[in-house]
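Q: Fold the following for me, if possible:
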Amino acid sequence: MELARKGHSKLRAVELPLTSLSDDAERTRKMVAQQSGPVLLVGHSYGGAVITEAGNLPNVAGLVYVAAFAPDAGESPGGISQALPPAAIANLAPDSDGYLWIKADKFHESFCQDLSQDDGLVMAVTQKAPLASTFGNAVTAPAWKQKPSWYQISSADRMINPDNEKRMAERMKPRRIITLEASHASLSSRAGDVSALIDEAAAAVSNA
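A: Numbering: from 1, shown residues only. Next comes the predicted model:
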């Protein structure tokens, strides 16, 4: 809603299959190819790895990372997390089919501690579980090395270690980094600040 209020009418959300990084990147590429004009890709959490892998298309004008993974070539989200685990890593558990869930009774404290308990319950019930193996898939050619980028760090993130976010953000040398005192769900708890960053990025790429 914040972006719509700022006048952005061509907003699209990609429905990721969450079966592998290559599947998710391919679905994103197909969605991008359907758009007329330049596209600004925004990725939250694992979605950052997806836009990193999918963002080299000619009509992708820029990338915005919201408390997100931004792997380099050969890196995977899982490898990044194992090297510097987040606070809530113990609250992730695969089911019998190999899909990775945040434990429902731990969701609020793990993912969105700065939102209400009711909001946390809705997010817990509606969470989309990826195949756990997806997090082991490595990026091949990172789009952030070719495209202008922006990054939002959540300093109270329990799903991605904030030090990992800072490291990933700084090495990509983005146009702008903002740090918010926020959970992993900063796009909800700090919607105004996150939408302002996206709006800034959209203005920059449209004027390029």
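Q: Am I right that residue 32 is in contact with residue 54?
A: Yes - look at residue 32 against residue 54 with CB atoms under 8 Å: they come within range, at 7.1 Å. In short, each C-beta sits where N, CA and C put it, glycine included.
Q: Looking at those two, which one has more neighbours?
A: Set side by side, residue 32 and residue 54 show more neighbours around residue 54, with 25 against 19, by other CB atoms under 10 Å.
Q: which ones are touching the more buried one?
A: 24, 25, 26, 28, 29, 32, 41, 60, 143 (CB atoms under 8 Å, 6 or more residues apart in numbering).
Q: just residue 27 next, same as before
A: 14, 15, 16, 17.
Q: doesn't it fall inside a strand?
A: No - assignment of residue 27 by DSSP: H, G, I helix; E, B strand; the rest coil gives helix, placing it outside any strand.
Q: Could you report the separation of it from residue 192?
A: Between residue 27 and residue 192 the computed distance is 29 Å (CB to CB, to the nearest Å).
Q: cool, and residue 58?
A: Applying CB to CB, the value for residue 58 to residue 192 is 32 Å.
Q: rewinding a little: apply the buried test to the contacts of residue 54 and list what passes.
A: Buried subset of those (neighbour count, 16 or more other CB atoms under 10 Å): 24, 25, 28, 29, 32, 41, 60, 143.
Q: what helix or strand is the spatially most central residue of the chain on?
A: Centroid-nearest residue in the chain: residue 44, 1.8 Å away (criterion: CA atoms, centre = their mean). For residue 44, the host element (DSSP states H and E) is strand 39-45.
Q: any idea which helix or strand comes after that strand?
A: Per DSSP H and E, the first helix or strand lying C-terminal to strand 39-45 is helix 47-54.
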